[in-house]
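No sequence on hand, only this structure:
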């Protein structure tokens with residue numbers, strides 16, 4: 001029986017699962033000793049430090065749905081904000097429904113409030129703008145590190161994604 005978790009419990013579990021999955025891939029994981037930052041973790045990917053905001057993902061049929069905004073209660077009510085590339089380098093999301101972690105680079109999701117990753121092809125055959133979940137598995141963060149280091153497109157295999165226990169990620173240009 002799966003118990004219903006509070007928002008805080010979901011966030012804490014997502015952070016733990018993401019950190020464990022990244023460490024399993026050989027990625028260094030750092031956590032701030034203070035609160036109030038826009039990111040939750042820092043990934044050390046081949047010497048490059050990436051600020052990562054952790055999120056809880058939900059499976060809704062053939063789609064993994066991820067809220068990419070933050071919401072907090074203030075004396076004047078709820079304040080909802082988006083993340084941008086000045087604050088983070090990407091989102092990492094954990095989906096408990098099938099125990100998978102994803103990495104969404106901020107350059108593809110900058111300023112967005114939601115992400116929808118498909119687990120299978122769209123029933124209507126649409127391909128333009130469709131983001132496939134397999135293209136965003138956490139192992140792809142190694143490829144992001146290579147792109148940030150200066151190569152425009154990743155060529156060949158990346159050691160961190162090659163050892164991933166999950167299906168190997170390939171970045172596609174579908175719909176971009």
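Arrived safely. Everything quoted here is computed from the prediction, not taken from an experiment. Numbering: from 1, shown residues only.

biggest strand in this structure, by residue count?
Ranked by number of residues, the top strand in the chain under DSSP state E is strand 48-60.

Are there helices or strands packed against that strand, and which ones?
For strand 48-60, the packing partners by 3 or more C-beta pairs under 8 Å, 6 or more residues apart in numbering; DSSP states H and E come out as helix 7-24, strand 41-45, strand 63-67, strand 90-95, helix 141-148. Just so you know, the C-beta spots here come from the backbone N, C-alpha and C atoms, and that holds for glycine as well.

relative to strand 90-95, how tilted is the first one?
What separates the directions of helix 7-24 and strand 90-95 is an angle of 110 degrees, with axes from the mean of the first three to the mean of the last three C-alpha atoms, to 10 degrees.

again with the second one
Strand 41-45 and strand 90-95 are oriented at 110 degrees to each other (the same axes, to 10 degrees).

For residue 109, give me phi and psi.
Dihedral pair for residue 109: phi -130, psi 20, per degrees, to the nearest 10.

how much space between it and residue 24?
From residue 109 across to residue 24, the span is 24 Å (C-beta to C-beta, to the nearest Å).

So which of the helices and strands packed on strand 48-60 is nearest residue 104?
strand 90-95 (4.4 Å; C-beta to C-beta).

which residues are contacting that closest one?
Residues outside strand 90-95 that contact it (C-beta atoms under 8 Å, 6 or more residues apart in numbering) are 13-14, 17-18, 21-22, 41, 50-59, 64, 66, 68, 83, 100-106, 109, 115, 138, 141, 144.

Parallel or antiparallel, which strands does that strand pair with?
In the sheet, strand 90-95 lines up against strand 48-60 (parallel), strand 100-105 (antiparallel) (DSSP bridges).

avg pLDDT for it?
The average pLDDT for strand 90-95 rounds to 97.

got the angle between it and strand 63-67?
Counting by the same axes, to 10 degrees, strand 90-95 lies at 130 degrees to strand 63-67.

hey, which of the strands paired with strand 90-95 is tucked in deepest?
strand 100-105 (a mean of 25; mean count of other C-beta atoms under 10 Å).

Pass me the low-pLDDT residue ranges in the chain, would you?
In the prediction, the chain carries residues with pLDDT under 70 at positions 1-2, 141-176.
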